[in-house]
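Enquirer: let's see this in three dimensions:
(chains A, B and C)
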Amino acid sequence: MNELSASSRITYRAVMVRPGVARRIRGLSDRTLAWLFITPTIVLLLAINIFPLLWTIYLSFTNYRANRANVPTIWLGADWYQSILTDPDIWAAMQVTAHFVIWTVVIETVLGFGLAYLIDKKFRGHGMWTTIILLPMMLSPAVVGNFWTFLYQPQIGLFNYVVAFFTGRAASSFQMLGDVTLSPWAIVIVDAWMWTPYVMLICLAGLRSIPDYIYEAAEVDRASKWRQFWSITLPMALPFIMLAVLFRGIENFKMFDMVNLLTGGGPGSTTEVASITLKRAAFESWRTGYSSAFAIILFVTVFGLANIYVKALNKVKSR
Amino acid sequence: MTSATTAHSVVEPSTTTRRFAGTLVVLYAIITMIPLVWIMLTAFKSPDDAISYPPKVMFKPSLEGFCNLFTTRSRQTPEFIRSLGPPQGLCDDIARSRNMVVAGPSNYVPRFVNSLIIAFGSTVLAVALGTLSAYGFSRFRVPLKDDLLFFILSTRMMPPIAVAIPIYLMYRTIGLSDTRLGMILLYTSVNVSLAVWLLKGFIDEIPREYEEAAMIDGYTRFQAFVKVVLPQATTGIAATAIFCLIFAWNEYAFAVLLTSGNAQTAPPFIPIIIGEGGQDWPAVAAGTTLFLVPIVVFTVLLRKHLLRGITFGAVRK
Amino acid sequence: MKRTMKTLVVACGAVAAAFGVGAGTTPAQAQGKTITLCWAAWDPANALVELSKDFTAKSGIGMKFEFVPWTNYADRFLNELNSHGSLCDLIIGDSQWIGGAAENGQYVKLNDFFKKEGISMDDYMPATVVGYSEWPKNTPNYWALPAMGDAVGWTYRKDWFARPDVQKDFKAKYGREIGVPKTLDELKDIAQFFQGREIDGKKVYGASIYTERGSEGITMGVSNYLYDYGFKYDDPKKPYAMDGFVNSASAVKGLEAYKQLYKCCTPPGASNSYMSEGLDAFKSGQVALQMNFFAFFPGLYKDPNVGGDKIGFFVNPAGPAAQATQLGGQGISVVSYSKNQAEALQYIKWFSGGDVQKKWWALGGYSCAKSVLNDPSFPNSAPFAKEFLQSMGMVVDFWAEPSYAQLLQAEQKRVHDYVVADKGTAQEALDGLVKDWKAIFKEEGKKF
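Expert: Okay, here's the model as predicted:
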């Protein structure tokens, strides 16, 4: 582990700046202080993140099960990795995850950017309304997600009632959570409801970072508003949009709580995102070795994708 | 909509544009609020009103949801109920009207208290550790600083279930399973990355000259940190603290997998509040409402710093 | 802003400290010991709370309870046991857990205790001893005291069956009188008859059945059909040989029949329903028939809206091959990580007493003691008592192997995919199930 060696090195190699000022003063030297200040955090992260990560890597090569104390642990090599990567059920879960991530990110970006664009027009009371719009994203996805199952009830739920009211169909003629075609969208809707404000907020910062003089210059050149949007607004806000996409992408790749409470992966395995598959393997089947391997695969995937994306983001930023 | 030419300034949007934009945003805000308003309305409905179709907007407010949230009840025969003395309090009265008696308090209050202790405990720790590290990263030349900062951030890329597997085994071995201390440490480790990143940004903004001046006046570096930097960073620390608090308050995955009866927090508990049949929606809504109110208050307080918090300090205004 | 933040942080800190101190001191009991009993959150648990007051009065030992809804029950408590937690001193664990709990040392073995206290398993109904106490099955190794007998049964709306218009229309359509179904085909006719019918101006539906995905719901439901159609877990002569038993042609028919019932005759949105959803559907007057565990029948009979004269009960009807039903119910065990084992054992001793067992049945629990069940007055002591006895004579249980959770998950997925999510055919579902189960047993090192 690269990070591990790096972090242990820091503990004795933390050096100070401006020795001239500090040396003249009594008390702790800057070197000691830097050491004292940073070490606790690093130690905590080593204990609660890195050590467990190493343990997970070790377990992923064994047949260990957390519920069998008496079964001897056998070294399996990369067997689990092979069987996971060739398992159609795992690929199905990855597809469900990809579908969920892509659609939520697309919808949230379009809606969020649109909202930010409108709010940037600084109409009266925009501050208050922005705060109101932001509320859903601050709430617990588990607790609120759970309540959405009530809104989605075919016979008594508000969601079905409203849809029925506007479409003229019977409210109980469709079920958002129990239907194979609708349930993937049911979770996308709730996620978009919760997290569009998040994208909106970041996009708003992007729009506000564009200096007025650029628009003024464009006006002088008689560029149309449409043209200004495509050649000034969007390109200059793009790094912000991409940042929002990055954060939402990572979060939704890890998605567990909201989906677990809304559909639990059902019907069948229609909405079984990777984290739910992982939870079933790890905490219901108790196949600890197997699920450790899957966890590592997920981590490497998200880490790898995020790194590639950050490179692209930096390219856009430096333009 | 943007084609309307403006009268005053070239970049100021026209009144029409503003009105139009305002209308759309307000419309979106209203739609987005409906589920939240519905939670609060349901909290004050009687069970029959809550599950009636078409959904009721006007109804006679009832405290039954809150009563059911805070108590457990058992069904009894009318004869038995008549043999009891007068009802003790409002909730007993409501329960008896449904042929039930209050059997005792529910677990909601202990779970809520767990949430408070774990959220505040982990926040205090994370902010304390985060402030120290952030100062260290901000003011000293630390080798591999960028790598180290990235490492701190990358700990948040693990899916929570993946983290929970080894933590479960580790806590089992050292006896931290289902303890508040275990949850506090875990949430601290998750929050500390946010705290370091956010606070480093805030501390970077405080001019070094202040401390240097103080040190020339005879303060040690540590005294300068305590007496000069910390007071300057109060707003940043408070904002960071609230973000940590909100994460710990809302967290579900770790809580549901690593706690049971002793240290369980409210998020895994609220979805399993059931009545005699399935979920007791007014009680669930009442529990949800009480659980959400603090967050709503914090969001309003925090609105100026939200952006920074949600992007790990990557975007500042 | 700055000042508000500051005050807020200080105030919150103070509140946290206050709560911290408060919570730190409350668990310290002033006098006497308290033990915790873990079970599912359902009607019988409330009855047990009532019953246990006598124990506290007699022994001075306080009782705390941790009840979790069924859909989270296995997850939560197996997690608790596997984490070696000491939250539960006593646990009323599901019948299928016994293999794992025994082999992994999570339950205390009760043989010596039974011998010392003169508790004999001969005093309990044989099906419950095998189902709830023994591991390995059919050997005298006891890990629990049978506590709550249970099986899947059905309830129906007696008042609807008695309506002249219903009787007339039913006869016109099916050429026979409407009555308690004797076979699964008759049951389907009745469900189909009520589906979408207006009763007192309200649209009603046929039947509420188990379709839950997350825990064990759909397996507990579909089993009642599979067993009746001839499904067997394995070759009676060759353990773990499943080909041609799990996926036999008759088992496939049973699975298809269950799907037909789900598609034709359940209320809208019943794609994920288990016990509590069934209760909701029946109590709100939505359905004519309800599949559910006997455990709920005392509560349903007491229900002010649909109980009393309005409700009737029947056993799982016969299918083409057999008449069987899914076993429910639990034994009570002492958790080996408990720090209060002596008190927990004291509770079990008290609970096994004849008078306590009698009161247990009277309060709404299902005693497994012969002294209660063989009493001549028992069949008439409740409108579902006879049906209960009959059901307990024809129960079949799911695998109780240590790998039960995995076996269950495989069936949940395969069956739900087919029945609710319309994926593949019944044959493919059961073939897939055999494949999954073989892989699980192979990982266990079982020979077949």
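
Enquirer: output the contacting helices and strands for the longest helix along chain B.
Expert: Ranked by residue count under DSSP state H, the longest helix found in chain B is helix B:108-139. For helix B:108-139, the packing partners by 3 or more C-beta pairs under 8 Å, 6 or more residues apart in numbering or on different chains; DSSP states H and E come out as helix A:30-45, helix B:64-70, helix B:145-154, helix B:180-204, helix B:234-250, helix B:266-269, helix B:281-302, helix C:2-25. For every residue, glycine as well, the C-beta is placed using N, CA and C.

Enquirer: export those to a markdown table and tack on mean neighbour count?
Expert: Shown next, in a markdown table, are these (neighbours: other C-beta atoms under 10 Å in any protein chain shown):
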| stretch | mean neighbour count |
| --- | --- |
| helix A:30-45 | 20 |
| helix B:64-70 | 24 |
| helix B:145-154 | 17 |
| helix B:180-204 | 24 |
| helix B:234-250 | 24 |
| helix B:266-269 | 26 |
| helix B:281-302 | 21 |
| helix C:2-25 | 13 |
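
Enquirer: residue A:164: which of those is closest?
Expert: The closest of those to residue A:164 is helix B:281-302. By C-beta to C-beta, the value is 19.6 Å.

Enquirer: middle-most residue in the chain, spatially?
Expert: The chain I'm using is chain A. Nearest residue to the geometric centre of chain A (C-alpha atoms, centre = their mean): residue A:251, 1.0 Å.

Enquirer: that's the wrong chain, I meant chain B
Expert: residue B:246 (3.0 Å).

Enquirer: pull up the gap between that residue and chain C, please.
Expert: Residue B:246 sits 12 Å away from chain C, going by C-beta to the nearest C-beta, to the nearest Å.

Enquirer: before we move on, what about residue A:274?
Expert: Distance from residue A:274 to chain C, by C-beta to the nearest C-beta: 15 Å.

Enquirer: the residue nearest to the centre of chain A: which element?
Expert: Per DSSP states H and E: residue A:251 is located in helix A:234-253.

Enquirer: beyond that helix, next helix or strand please.
Expert: Sequence order places helix A:257-262 as the next helix or strand after helix A:234-253, per DSSP H and E.

Enquirer: would that next one count as contacting chain B?
Expert: Yes: Helix A:257-262 reaches chain B (C-beta under 8 Å from any C-beta of the partner chain) through A:257, A:261.

Enquirer: swap in stretch A:50-67?
Expert: Yes: using C-beta under 8 Å from any C-beta, a contact is recorded between stretch A:50-67 and chain B, made by A:51-53, A:55-56, A:59, A:66.

Enquirer: which residues of chain A score low on pLDDT?
Expert: Along chain A, the model assigns pLDDT under 70 to residues A:1-28, A:319.

Enquirer: rerun at 50
Expert: Along chain A, the model assigns pLDDT under 50 to residues A:1-26.

Enquirer: near chain C, which residues of it?
Expert: Neighbours of chain C within chain A, by C-beta under 8 Å from any C-beta: A:63, A:66-70, A:153-155, A:172-173, A:175, A:177-180, A:263-270, A:280, A:283-287.

Enquirer: select only the buried ones of those in ChimeraX?
Expert: Restricted to buried positions by 16 or more other C-beta atoms under 10 Å in any protein chain shown, the ChimeraX selection for those reads:
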select /A:63,66,67,68,153,154,155,172,175,177,178,179,180,263,264,265,266,267,268,269,270,280,283,284,285,286,287
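
Enquirer: residue C:209 and residue C:262 touch, don't they?
Expert: Yes: here residue C:209 reaches residue C:262: they are 6.4 Å apart, a contact under C-beta atoms under 8 Å.

Enquirer: what is in contact with the two at once?
Expert: Counting by C-beta atoms under 8 Å, 6 or more residues apart in numbering or on different chains, the contacts common to residue C:209 and residue C:262 are residue C:270.

Enquirer: ok, which stretches of the chain are strands?
Expert: Because you didn't say which chain, this covers chain A. For chain A, no strands are identified by DSSP state E.

Enquirer: switch to chain C, please.
Expert: With DSSP E as the criterion, chain C has strands spanning C:34-40, C:62-68, C:90-94, C:145-148, C:152-157, C:198-199, C:202-203, C:205-208, C:287-293, C:311-315, C:325-326, C:330-334, C:395-396.

Enquirer: now mean neighbour count and distance to residue B:67 too, for those strands, in JSON lines please.
Expert: Listed next are these as JSON lines, based on neighbours: other C-beta atoms under 10 Å in any protein chain shown; distance: least, C-beta to C-beta, whole Å:
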{"stretch": "strand C:34-40", "mean neighbour count": "22", "distance to residue B:67": "23"}
{"stretch": "strand C:62-68", "mean neighbour count": "19", "distance to residue B:67": "18"}
{"stretch": "strand C:90-94", "mean neighbour count": "27", "distance to residue B:67": "28"}
{"stretch": "strand C:145-148", "mean neighbour count": "28", "distance to residue B:67": "29"}
{"stretch": "strand C:152-157", "mean neighbour count": "24", "distance to residue B:67": "29"}
{"stretch": "strand C:198-199", "mean neighbour count": "12", "distance to residue B:67": "32"}
{"stretch": "strand C:202-203", "mean neighbour count": "12", "distance to residue B:67": "29"}
{"stretch": "strand C:205-208", "mean neighbour count": "26", "distance to residue B:67": "28"}
{"stretch": "strand C:287-293", "mean neighbour count": "26", "distance to residue B:67": "27"}
{"stretch": "strand C:311-315", "mean neighbour count": "22", "distance to residue B:67": "28"}
{"stretch": "strand C:325-326", "mean neighbour count": "25", "distance to residue B:67": "36"}
{"stretch": "strand C:330-334", "mean neighbour count": "27", "distance to residue B:67": "30"}
{"stretch": "strand C:395-396", "mean neighbour count": "21", "distance to residue B:67": "39"}
